[in-house]
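K.L.:
quick one: sequence plus predicted model below, questions after.
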Amino acid sequence: MQIKPVILGLVTGVAFSLPVFADDVPQRGCAAKLEAISQQIEHAKTAGNTYKVAGLEKAYKEVMTHCNDDKLYAERLAKIQALEAKLVERQNELTQTVKEGRPMDKVSKKQAKVAEVEAELAKAREELER
């Protein structure tokens, strides 16, 4: 029995395209940290910044040695929980300021603080997915 050339071509094509698809999968956890540091090292090398390269290579080794995906996830989750508590606190301060009839500049400052914590929280949630 002979393998038809069309089938052989398809199988070969798929086999050679699989490594390309593997690069499209985003890294997560410690692998994402290592990838980010590697990119920064390349940028620093391109810019000729030897001190930054040395520092980043040290950071890369530290991540390789000490990074643990479960621990990293737990740290990021704890950060989110702390920011959520901070957001509730800031929202309560804003509500209290409005309730007391404070001047608009005080209300605006409290609104800015709420927005700042919301931005931090969004960034932390994004990091949790990486």
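P.N.:
Right, received. Where do you want to start?
K.L.:
ok, and what's touching stretch 50-68?
P.N.:
29, 30, 33, 34, 37, 38, 40, 41, 44, 45 (CB atoms under 8 Å, 6 or more residues apart in numbering). Placement of C-beta: from N, CA and C, glycine included.
K.L.:
how about a cut-off of 6 Å?
P.N.:
30, 33, 34, 37, 40, 41, 44, 45 (CB atoms under 6 Å, 6 or more residues apart in numbering).
K.L.:
please apply the same query to stretch 28-37.
P.N.:
So stretch 28-37 is contacted by 27, 56, 59, 60, 63, 67, 69, 72, 130 (CB under 6 Å, 6+ apart).
K.L.:
which of the residues in it are buried?
P.N.:
Within stretch 28-37, the residues that qualify as buried are 29, 30, 32, 33, 34, 36, 37, counting by 16 or more other CB atoms under 10 Å.
K.L.:
how near is the fourth one to residue 130?
P.N.:
Read that as residue 33. Using CB to CB, to the nearest Å, we find residue 33 at a distance of 8 Å from residue 130.
K.L.:
mind checking which helix or strand of the chain has the lowest mean pLDDT?
P.N.:
helix 5-24 (a mean of 48; mean pLDDT, DSSP states H and E).
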